[in-house]
Every structure is written in structure tokens, then in C-alpha cells.
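# could you look at this predicted model? Sequence included:
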Amino acid sequence: MGEILGVKITASTYKEVADKGLAWAKRGESRAVFFANVHVLMEGFDDSSFRAHLNAADMVNPDGMPLVWSLKAMGESGATRVYGPDAMEFLLGVAQESDIPVAFYGGSEETLEVLFAEVRRRYPQLRIVFTMSPPFRPLDRAEDEEVTMQISGSGARMLFVGLGCPKQERWIIDHRGRIPAVMFGVGCAFDFLAGTKAQAPRWMMRNGLEWVFRFASEPRRLAGRYLKHNPRFIVLFLHQLLKRRARLIWM
């Protein structure tokens with residue numbers, strides 16, 4: 001595990017996420033698992049309350065190659081990318097094999113409908129016990145209690161949450177202990193698996209260029225995010241790395 005800009009990142013693998021998630025799910029434990037990229041990390045850097053939510057999770061996995069490279073620069077030589085959409089597919093396969101009931105919370109109604117059909121096609125024996133596309137506005141207390149009761153009552157033991165950052169991470173931590181399921185914050189995975197949004201080619205993902213593809217696909221929505229976060233991440237992490245190396249030299 002390494003700490004990048006104040007956020008604890010686990011140098012994990014898909015198998016490790018699946019093994020831990022399955023064990024927790026079988027015991028009916030309420031757990032929080034996140035997949036962090038530069039956007040998530042910088043949201044945490046800028047907002048201490050959100051950073052506390054991230055650090056309260058049971059696992060924060062390196063979703064983007066910049067975080068993998070950062071972990072390696074800090075000595076985690078075995079660090080690999082654990083990409084949220086791929087992890088969700090891996091976990092769905094594990095859930096089907098182990099007869100673990102799953103649920104989906106988030107996305108638009110249209111996306112969720114296509115996602116449900118696609119998951120049914122790929123994993124015909126999977127037990128899907130709950131799906132919901134919540135309104136974009138915040139739920140009031142009574143509405144939130146009703147949703148919490150519905151998810152808990154469904155028997156779901158793996159809950160995939162696709163509300164986007166930072167909403168999904170806050171929602172998961174706020175519901176940990178209230179929903180007896182392993183909750184995975186998977187971001188755009190609903191759209192990617194449903195095919196409602198295109199994914200970057202794998203060669204771009206491997207070389208840390210996924211953001212270029214996504215920016216070209218949604219420039220109006222993502223321009224501000226990338227211009228704000230990416231350059232600052234590079235400068236801030238290099239500063240952290242230099243300070244760390246200077247401490248090691250003088251120890």
C-alpha cells in the first residue's frame with residue numbers, strides 16, 4: 001500500500017479484489033471498495049472531507065496508470081492497474097460461479113435497462129436481485145431510508161454503484177454498516193458494459209492515454225476536469241516524491 005497525496009492506495013490485483021470481495025460477500029459484511037484515478041485522487045486532495053471518505057474504504061485500487069506509475073516510483077514494484085469496469089466484469093463472473101446475489105444502483109434508466117440485458121446475456125446464471133436508477137437530485141431522509149431497506153431486503157451481497165465521483169464514494173461510505181453487501185464504486189462501468197459509451201483502445205489504456213480518448217469523446221464535459229487536475233497531479237506528486245527521497249537520504 002502507498003499513500004499518494006494523502007490517499008491510501010492498495011497495490012492490488014483483480015484476483016485480490018475478487019477474493020476479498022467474495023469472502024466478505026459470503027459473510028454478509030458491509031464493505032466499501034473504490035477504484036481511484038487522477039480525478040478521484042485530486043478531488044480528495046482538494047476536499048479533506050472527501051479524502052476522509054476515501055481513506056475510510058476497505059480498498060482503494062489504482063484504476064489509472066498514473067497511479068500505478070506513482071506506486072512503482074514509491075517502491076511498490078508489483079503494482080498493476082485494477083480498472084473498475086474490468087473489475088466489475090471479473091466480479092460478476094465470480095458472483096455467478098459462487099451464486100452470490102448482486103445489485104446495481106446508479107446510471108440512467110435507459111443505461112440500466114441496457115446494462116441489465118447485457119449482463120443477463122453474458123452471465124445467464126447470475127442472480128440479479130435489485131436494480132435502481134436514482135434521481136439526480138439528493139434523496140431526502142425518508143427516500144434514502146426506503147432505498148436502503150429495499151437494497152438490504154433484496155438479499156444482495158455485492159452492490160455495484162455507478163453514481164460518478166465523488167457522489168458514489170460518499171454514498172457508499174454513508175451506507176456502509178446499513179447495507180449488508182460489499183459495495184463497489186465503479187463509475188462509468190455501467191455505461192461501458194452497456195455500450196452506451198465507448199471505451200478507449202487497450203493500447204491507450206496501457207500507456208496512460210485513456211484521458212485523451214475520453215476528452216475527445218466528451219470535450220465539453222471533461223475539459224475543465226482534465227485541465228484542472230492533470231497538471232497539478234504531476235507537480236504535486238513529483239513534490240511528494242522528492243520530499244520522500246530526501247527523507248530517505250537523510251535517515
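Nice, I can see it.

# where does this structure have low pLDDT?
Within the chain, the set of residues satisfying pLDDT under 70 comprises 251.

# ok, which stretches of it are helices?
Using DSSP state H, the helices of the chain run over 14-26, 38-46, 48-55, 65-73, 84-98, 109-122, 141-154, 167-175, 189-194, 202-206, 210-217, 219-250.

# would you mind saying which of the ones you listed lies nearest K8?
Closest to K8 of the helices of the chain is helix 48-55 (Cβ to Cβ; 5.5 Å). (Each C-beta comes from the backbone N, C-alpha and C, glycine too.)

# circling back to that earlier point, can I get the helices of the chain in JSON lines with distance to M183 and mean neighbour count?
Listed next are these as JSON lines, based on distance: least, Cβ to Cβ, whole Å; neighbours: other Cβ atoms under 10 Å:
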{"stretch": "helix 14-26", "distance to M183": "10", "mean neighbour count": "17"}
{"stretch": "helix 38-46", "distance to M183": "15", "mean neighbour count": "22"}
{"stretch": "helix 48-55", "distance to M183": "12", "mean neighbour count": "16"}
{"stretch": "helix 65-73", "distance to M183": "21", "mean neighbour count": "21"}
{"stretch": "helix 84-98", "distance to M183": "12", "mean neighbour count": "19"}
{"stretch": "helix 109-122", "distance to M183": "17", "mean neighbour count": "15"}
{"stretch": "helix 141-154", "distance to M183": "9", "mean neighbour count": "14"}
{"stretch": "helix 167-175", "distance to M183": "4", "mean neighbour count": "20"}
{"stretch": "helix 189-194", "distance to M183": "13", "mean neighbour count": "23"}
{"stretch": "helix 202-206", "distance to M183": "25", "mean neighbour count": "12"}
{"stretch": "helix 210-217", "distance to M183": "24", "mean neighbour count": "16"}
{"stretch": "helix 219-250", "distance to M183": "24", "mean neighbour count": "13"}
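
# make TSV out of those helices and add distance to E3.
Listed next are these as TSV, based on distance: least, Cβ to Cβ, whole Å:
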stretch	distance to E3
helix 14-26	19
helix 38-46	11
helix 48-55	9
helix 65-73	10
helix 84-98	21
helix 109-122	34
helix 141-154	32
helix 167-175	17
helix 189-194	26
helix 202-206	24
helix 210-217	23
helix 219-250	9
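
# between the ones you listed, which one is nearest to F130?
helix 141-154 (3.8 Å).

# and the closest one, what does it pack onto?
In terms of contacts (3 or more Cβ pairs under 8 Å, 6 or more residues apart in numbering; DSSP states H and E), helix 141-154 is packed against strand 102-106, strand 128-132.

# follow-up on the earlier one: for G6, which of the helices of the chain is the nearest?
The closest of those to G6 is helix 48-55. By Cβ to Cβ, the value is 5.6 Å.

# tell me the angle that closest one makes with helix 38-46.
Orientation check (axes from the mean of the first three to the mean of the last three Cα atoms, to 10 degrees): helix 48-55 against helix 38-46 gives 130 degrees.
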